[in-house]
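> sequence below, structure please.
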Amino acid sequence: MATARSFGNYDLAAALADLIDNSIKAKATRVDISFEPEESDVVVRIRDDGAGMDLETLKIAMRPASANPQDEREPDDLGRFGWGLKSASLSQARVLTVVSWCDGAINAARWDIDDIDDWGMEVLEGPEAEGLLAKPRKSKSGTEVIWTRSDRVLDRDVSFSFDDSLTYAIAHANQRLSLVFHRYLAGELERRLTISVNGRLLRPIDPFMTSHDATQTLDADEIKTASGSSISIQPYVLPHFSKLTVEEQERLGGPEGMVRNQGFYVYRNKRLIIFGTWFRLVPHGELSQLTRVRVDLPNTLDSEWRITVDKSDAQLPAALKRRLQDVVRRFNRRSFSVHRKKGVSLDRPEVQSVWLRYVKSGQVRYRVNRDHPMVASLLDMDSISGNADAVLRLLESYFPADRFLADANGVGVNQCPTSTEEFESLVHQCVLNFLQSSDGSLEVDEFLDFIRDVEPFSSQWTYTESYVRKNTAKKWGMKNGF
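Down below sits the predicted model:
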């Protein structure tokens, strides 16, 4: 049982997800998770309104390796090894208690890692089992899993207080559960699943942003395996960041950003297993960051995909590599085009473009717009030596036009920012230039009015406005004008 603590690669979110899998199998419609701090410990309770278990079923569920991974299972069964309840719980706590009720009876069973005598498991019935619940039962049947002596729930970094560590752990778990079970939370199946954490309902995080008008849903594909099972492939191209708000972009990218989260999103029975990987078929890149491919597997393919006990990893079967590689390359071209087509027009006189186009004697020339606010600021700072203007004239005179035309007709050219970080650095610099030209303080609306007709901000206005409003006081000390 102590060894079971090291099965898989569980963190708090993965452990909770494994227990929610059991609730789904039990036909639950609601799962309530609570964290109850007690001195230096935290008691975690996971309650569902599923079918519940009688005493014999509970004993079997608490038995280590209670299922044969080779057995045929129901289509909605998200388990495999018969270890999930035990390994997930013991990865976080030293005491696992399960209380379950159905058909008018209530029973409980407990494993205590520090008090296992000849594989003895404590069993309680009736009022004794009822007394383990912190809140009265509201459903006719259900199950509550209780973790105590939770020595691995929190990161015990001494630089963080207990409360801060708990807050961070809960926030991370909320984000991950909202992603892993987003199709259940959104009611994509016959029944909608509700999950609450400390009374707060989780909202689904759709990694494909299917409800956004700018999301491209490409043609689906289906692959038949040698065993006769079907794998569904559904690719999406996400909106360019210029069509999103900062909040939408952060929700899509998560803590690790858009580039890290591109790739395959593998689901088993609509439960997310692994995401943000190309299985080494193609490299991660800036231009492919908008491509995400949903892969739906039935639970009959667990062995072929080598899904791990903690359901956090899978391996692509060798027989599918060539087929999926062709699929990915075809879809990634659409992602590249979203970036490459995100250019700016030079024919809008009301907008301060970065480049100006001149036609003289049938020849076209491009010059850097000296009146662009950021360029003008640079020239003002270097007005004495004139070096800045000389460098601009050098770049204009020796622009590689022949190579540019060859690339444009061949592999394609992308000059616009492909990441939010790159774009945000331009916003920061524009703010600094504006502050230098003012008295050091300004109104948000005043600044937004100033850059509304300035490229590249004008053509990326949705993101620009939300980013400026979110970061005004925190980063730049600007006053909110609303």
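
> need the pLDDT of residue 262.
Per-residue pLDDT puts residue 262 at 86.

> which strands or helices does the helix or strand containing residue 466 pack on?
Assigned by DSSP states H and E, residue 466 falls within helix 461-471. Packing partners of helix 461-471 (3 or more CB pairs under 8 Å, 6 or more residues apart in numbering; DSSP states H and E): helix 246-253, helix 420-437, helix 444-451. Glycine gets a C-beta too; all of them are placed from N, C-alpha and C.

> for that helix, which positions count as buried?
Neighbour counts over helix 461-471 (16 or more other CB atoms under 10 Å) mark 462-469, 471 as buried.

> just the closest of these to residue 455, please.
Residue 455 lies nearest to residue 464 out of these, by CB to CB, at 10.8 Å.

> quick check: that closest one touching residue 454?
No. Taking contacts as CB atoms under 8 Å, residue 464 lies outside contact range of residue 454: 9.7 Å.

> following the helix or strand bottoming out on mean pLDDT in the chain, which helix or strand shows up next?
For the chain, counting by mean pLDDT, DSSP states H and E, helix 321-340 ranks last in confidence among helices and strands (a mean of 66). Using DSSP H and E, the next helix or strand after helix 321-340 towards the C-terminus is strand 355-360.

> next structured bit after that next one?
Using DSSP H and E, the first helix or strand after strand 355-360 is strand 363-368.

> contacts for the helix or strand that comes right after that following strand next, please.
Going down the chain from strand 363-368, the next helix or strand is helix 373-381, by DSSP H and E. The contact list for helix 373-381 (CB atoms under 8 Å, 6 or more residues apart in numbering) reads 352, 354, 368-370, 388-389, 392, 426, 429-430, 433-434, 436-437, 450-451, 454.

> what of stretch 10-18?
Residues from elsewhere that reach stretch 10-18 (CB under 8 Å, 6+ apart): 8, 33, 46, 84-85, 87-89, 91-92, 153, 169, 172-173, 175-177, 180-181, 310-312.

> in helices, which of these fall?
Those of the contacts of stretch 10-18 mapping onto helices are 84-85, 87-89, 169, 172-173, 175-177, 180, per DSSP state H.

> wait, which of those is closest to residue 320?
For these, the residue nearest residue 320 by CB to CB is residue 180; the value is 23.0 Å.

> need the contact list for residue 202.
174, 177-178, 181, 185, 195-196.

> just the buried ones out of those, please.
Buried members of the contacts of residue 202, scored by 16+ other CB under 10 Å, are 174, 177-178, 181, 185, 195.

> reformat these as CSV; add distance to residue 247 and pLDDT.
Listed next are these as CSV, based on distance: CB to CB, whole Å; pLDDT from 0 to 100:
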residue, distance to residue 247, pLDDT
174, 16, 96
177, 19, 97
178, 14, 96
181, 21, 97
185, 18, 96
195, 21, 98
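
> distance to residue 113 added to those, as a markdown table?
Formatted as a markdown table, those follow (distance: CB to CB, whole Å):
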| residue | distance to residue 113 |
| --- | --- |
| 174 | 27 |
| 177 | 25 |
| 178 | 31 |
| 181 | 29 |
| 185 | 33 |
| 195 | 28 |
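
> closest one of those residues to residue 273?
For the buried ones among the contacts of residue 202, the nearest to residue 273 is residue 181 (11.8 Å; CB to CB).

> who's in contact with the residue nearest to the spatial centre of the chain?
Closest residue to the average C-alpha location of the chain: residue 254 at 4.4 Å, with CA atoms, centre = their mean. Going by CB under 8 Å, 6+ apart, residue 254 touches 175, 179, 261.

> near the first one, how many other residues are there?
When neighbours are counted by other CB atoms under 10 Å, residue 175 registers 16.

> ok, it - contacts?
Residue 175 neighbours (CB under 8 Å, 6+ apart): 13, 205, 254-255.

> among these, which ones are buried?
Looks like these have 13, 205, 254 buried, using 16+ other CB under 10 Å.

> so the first one versus residue 263, what's the distance?
This means residue 13. For residue 13, the distance to residue 263 equals 20 Å [CB to CB, to the nearest Å].

> what do you get for the last one?
As defined by CB to CB, residue 254 lies at a distance of 13 Å from residue 263.

> with the second one instead?
Residue 205 sits 16 Å away from residue 263, going by CB to CB.

> just to revisit the earlier point, nearest to residue 215 among the contacts of residue 175?
Set against residue 215, the nearest of these by CB to CB is residue 205 (14.3 Å).

> doesn't the closest one fall inside a helix?
No. Going by DSSP: H, G, I helix; E, B strand; the rest coil, the assignment for residue 205 is coil, not a helix.

> which ones are touching it?
Shown in contact with residue 205 (CB under 8 Å, 6+ apart): 175, 178-179, 182, 251.

> break this structure down into its domains, please.
The record's domain parsing of the chain by automatic domain parsing lists 3-201, 216-340, 355-476.

> show the buried residues in the ones in helices among the contacts of stretch 10-18.
Using 16+ other CB under 10 Å, the buried ones in the ones in helices among the contacts of stretch 10-18 are 84-85, 87-89, 169, 173, 175-177, 180.

> pLDDT check: weakest of those residues?
For these, the least confident entry is residue 84, with 78.

> can you count the residues close to the spatially closest residue to that one that is not a sequence neighbour?
Closest residue to residue 84 apart from its sequence neighbours, by CB to CB, 6 or more residues apart in numbering: residue 18 at 4.4 Å. Around residue 18 there are 25 other residues, counting by other CB under 10 Å.

> same check on the one 10 residues further on?
Number of residues near residue 28 (other CB under 10 Å) recorded here: 24.

> how about CSV for the contacts of residue 175, with distance to residue 148 added?
Listed next are the contacts of residue 175 as CSV, based on distance: CB to CB, whole Å:
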residue, distance to residue 148
13, 20
205, 30
254, 31
255, 29
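
> now render those as a markdown table, adding distance to residue 163 and pLDDT.
As requested, the contacts of residue 175 are exported to a markdown table (distance: CB to CB, whole Å; pLDDT from 0 to 100):
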| residue | distance to residue 163 | pLDDT |
| --- | --- | --- |
| 13 | 19 | 94 |
| 205 | 25 | 94 |
| 254 | 24 | 80 |
| 255 | 21 | 76 |
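
> which SS class is residue 267?
Counting by three-state DSSP, the backbone at residue 267 sits in strand.

> so what pairs up with it in the strands?
Going by DSSP bridges, residue 267 is paired in beta bridges with residue 272, residue 296.

> tell me who's in contact with it.
183, 273, 294-297.

> where's the residue nearest to residue 173 when sequence neighbours are not counted relative to residue 168, distance?
With sequence-adjacent residues excluded and distances taken as CB to CB, 6+ apart, residue 173 is closest to residue 13, at 4.3 Å. From residue 13 across to residue 168, the span is 12 Å (CB to CB).

> over to residue 237?
From residue 237 over to residue 168 the distance is 33 Å, taken as CB to CB.

> can you check residue 365 too?
Between residue 365 and residue 168 the computed distance is 56 Å (CB to CB).

> circling back: so for residue 210, which of the domains of the chain sits nearest?
Closest of the domains of the chain to residue 210 is domain 216-340, at 6.9 Å (criterion: CB to CB).
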